[in-house]
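*Asks:* give me a 3D structure for the following:
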Amino acid sequence: MVALPACARAGTEPEHGQKKEEGSGEFLPPNFLLPPRQPPPGRALCHPMKHRLPRKALAWALYDWANSAFPTVVSTFVIAAYFTQGIAASPAEGQALWGWMQTLAGIAIALLSPVLGAVADAGGRRRTMLLLCTVLTAIATALIWFARPEPAYAAWALACVGLATVGFELGTVFYNSMLPQVAPPERLGRISGLAWGLGYAGGLACLLLCLLVLVRPDPSPFGLDRASAEHVRATAPLVAAWMLAFGWPVLIALPDPPPPRPAWSIAVRKGLAEIGGVLRGLPRNPTLARFLLARLFYTDGLNTLFAFGAIYAAGTFGMGFEEILVFGIALNVTAGLGAAGFGLAEDRLGARPTILVALFALLLLGGALVLTDSRPVFWGLALALGLFLGPAQSASRSYMAHLAPPGEVSAYFGLFALSGRVTGFLGPAALAAVTSLTNNQRAGMATVLAFLAIGAGILLTVRERHPA
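*Replies:* Numbers count the residues shown, from 1 in each chain. I've put the predicted structure just below:
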């Protein structure tokens, strides 16, 4: 006798009006020949596979594990701090130069992301475009190795990081647009949150590897010369190898559609026409338009915070490379927990309320961070702030997946990237300008709060036509 799952066994005892079919061992209601009733709204049919993560969803989420090593190690904690402390003439000058590099990269991303997203929709080549962007990011990251700790190498370092940043952000357009392929609408928040949590875990794992294998050992392994910062520079090739080693599952699990596919020239023409139609249609979709406008500001603030967090910690509190790595590890732990936890809660609360909760928490904690002079207090506030970094991003991604029309997902995620980059130069530029004018990193970092506040204020005006 085959055992039934618990949900199938429930209610098998006879009720009033039921009769037991002789010899069958089953109780059948009087209307058992009628079609089965549908479950009430919001209640799924019992299914033994309901809670199992689909293979495609797991492969998609693992890409976050692979590519999050770049923003964690390169953009935030190691290479950014190495540039300001080891290459630039002074920390303040390094922060300003890093800001202008991020500004130029942001302009390039803003121009390219919506067009390439629409081209991917028209040509059916999301995987191909993701592969090209991943390889570009890995190569440019590996070349950071040649940036010696001398001001003469500042231009080389900035060029490599800028090119890698463009490749990383463009790849994210195609990666994010795959989300509706791997999760039903009611599970978008959970899958997106899981992926973001895996991303923080991957960044943490790579950061730990950098700390334990390359940065901390003295003498350095593999004959690395500490005097020329080779033990720090070697983290860049390690990140490149990490991305290539762990980024392949999604490329196998989510292939491009089979031929025939339109030629690249046709895909480009169709893509340009599609993005034009999408832009013309935005005024007729005020929910989406206001969300993108809100994201334009708060993502600018978040990106600036990520890009300059370690630089601020190094310059304001005198953190060395090793302490910055430990700081990054701890921050990734709290950020990963926040992303995964809020991902589960988001499916109940909705994406928009989740974003708002995260933004208001970031404003409160960020304001305290800028004001404090105590290193222990800075540590505590930063770790608490980490709990809300992931949810603000993850819920934004799943909210966009809810709002994007089928068949135009990549184009809309191109706009999604555009909304995070069209003014992406303003955050770094404002921070760089204020830092240069005041020669004070604390004053420069305070500009982040303004962008978060504006974004949250606009998001409060969004009226949802359907639940997220």
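*Asks:* for the rest of this, base every contact and every neighbour count on C-alpha atoms.
*Replies:* Will do.
*Asks:* surely S177 touches V409?
*Replies:* Yes: with contact defined as C-alpha atoms under 8 Å, S177 reaches V409; the gap is 5.6 Å.
*Asks:* which residue ranges form the strands in this structure?
*Replies:* Counting by DSSP state E, the chain has strands at residues 19-20, 27-28.
*Asks:* among these, which gets the worst mean confidence?
*Replies:* Sorting those by mean pLDDT places strand 27-28 lowest, at a mean of 37.
*Asks:* about what we covered before: shared neighbours, S177 and V409?
*Replies:* The contact sets of S177 and V409 overlap at A401 (C-alpha atoms under 8 Å, 6 or more residues apart in numbering).
*Asks:* pLDDT below threshold where in the stretch 251-400 of the chain?
*Replies:* 256-276, 278 (pLDDT under 70).
*Asks:* now the helices for it?
*Replies:* 264-281, 286-317, 321-349, 351-371, 375-403 (DSSP state H, counting those that start in this stretch).
*Asks:* what's the closest of these to A236?
*Replies:* Closest of these to A236 is helix 321-349, at 14.0 Å (criterion: C-alpha to C-alpha).
*Asks:* elements contacting the closest one?
*Replies:* On a contact count with 3 or more C-alpha pairs under 8 Å, 6 or more residues apart in numbering; DSSP states H and E, helix 321-349 meets helix 188-209, helix 286-317, helix 375-403.
*Asks:* hey, which of those helices is tucked in deepest?
*Replies:* Stretch with highest mean neighbour count among the helices and strands packed on helix 321-349: helix 188-209 (a mean of 26; mean count of other C-alpha atoms under 10 Å).
*Asks:* and the pLDDT for the closest residue to P221 other than its chain neighbours?
*Replies:* Take P221 and drop its neighbours on the chain: the residue closest to it by C-alpha to C-alpha, 6 or more residues apart in numbering is L214, 6.8 Å away. Predicted confidence (pLDDT) for L214: 92.
*Asks:* G202 now?
*Replies:* Predicted confidence (pLDDT) for G202: 91.
*Asks:* which parts of the stretch 51-200 of the chain are helices?
*Replies:* Using DSSP H, counting those that start in this stretch, the helices found in the stretch 51-200 of the chain span residues 55-67, 69, 79-82, 91-123, 126-142, 154-177, 179-182, 188-209.
*Asks:* in CSV: those, plus distance to A446.
*Replies:* Output for the helices of the stretch 51-200 of the chain, formatted as CSV (distance: least, C-alpha to C-alpha, whole Å):
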stretch, distance to A446
helix 55-67, 29
helix 69, 27
helix 79-82, 19
helix 91-123, 14
helix 126-142, 29
helix 154-177, 24
helix 179-182, 34
helix 188-209, 25
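*Asks:* mind checking which of those helices is nearest L381?
*Replies:* Comparing the helices of the stretch 51-200 of the chain by C-alpha to C-alpha, helix 188-209 comes nearest, at 18.3 Å.
*Asks:* which secondary structure elements does the closest one contact?
*Replies:* By 3+ C-alpha pairs under 8 Å, 6+ apart, helix 188-209 packs against helix 55-67, helix 69, helix 179-182, helix 321-349, helix 375-403.
*Asks:* select, out of the ones you listed, the one closest to L254.
*Replies:* helix 55-67 (7.0 Å).
*Asks:* from the chain's centre, how far out does that closest one sit?
*Replies:* 12 Å (C-alpha atoms, centre = their mean, to the nearest Å).
*Asks:* what of stretch 448-456?
*Replies:* The answer for stretch 448-456 is 19 Å, by C-alpha atoms, centre = their mean.
*Asks:* ok, stretch 243-252 next?
*Replies:* 17 Å.
*Asks:* for it, which positions count as buried?
*Replies:* By neighbour count on 16 or more other C-alpha atoms under 10 Å, the buried set for stretch 243-252 is M243, L244, F246, G247, W248, P249, V250, L251.
*Asks:* just the closest of those to E323, please.
*Replies:* Nearest to E323 among the buried residues of stretch 243-252 is M243, at 24.4 Å by C-alpha to C-alpha.
*Asks:* isn't the closest one right next to N67, touching?
*Replies:* Yes: using C-alpha under 8 Å, M243 makes contact with N67 at a distance of 5.4 Å.
*Asks:* how about CSV for the helices and strands packed on helix 188-209, with distance to N440 added?
*Replies:* Shown next, in CSV, are the helices and strands packed on helix 188-209 (distance: least, C-alpha to C-alpha, whole Å):
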stretch, distance to N440
helix 55-67, 32
helix 69, 29
helix 179-182, 41
helix 321-349, 20
helix 375-403, 17
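*Asks:* how about A147, phi and psi?
*Replies:* Reported as degrees, to the nearest 10, the phi and psi values for A147 are phi -90, psi 100.
*Asks:* from R55, how far out is it?
*Replies:* Using C-alpha to C-alpha, to the nearest Å, one obtains 40 Å as the distance from A147 to R55.
*Asks:* how about the contacts made by G343?
*Replies:* G343 sits next to G189, R190, I191, S192, G193, L194, P391, S394, A395 when contact means C-alpha under 8 Å, 6+ apart.
*Asks:* which one of the helices of the stretch 251-400 of the chain lies nearest to F77?
*Replies:* helix 286-317 (5.1 Å).
*Asks:* quick one: the closest one to helix 375-403, angle?
*Replies:* Between helix 286-317 and helix 375-403, the angle comes out at 160 degrees (axes from the mean of the first three to the mean of the last three C-alpha atoms, to 10 degrees).
*Asks:* just checking, what packs against helix 286-317?
*Replies:* Using 3+ C-alpha pairs under 8 Å, 6+ apart: helix 286-317 touches helix 79-82, helix 91-123, helix 321-349, helix 375-403, helix 409-421, helix 426-438, helix 441-445, helix 447-460.
*Asks:* now with 7 Å, please.
*Replies:* Counting contacts by 3 or more C-alpha pairs under 7 Å, 6 or more residues apart in numbering; DSSP states H and E, helix 286-317 packs against helix 79-82, helix 409-421, helix 426-438, helix 447-460.
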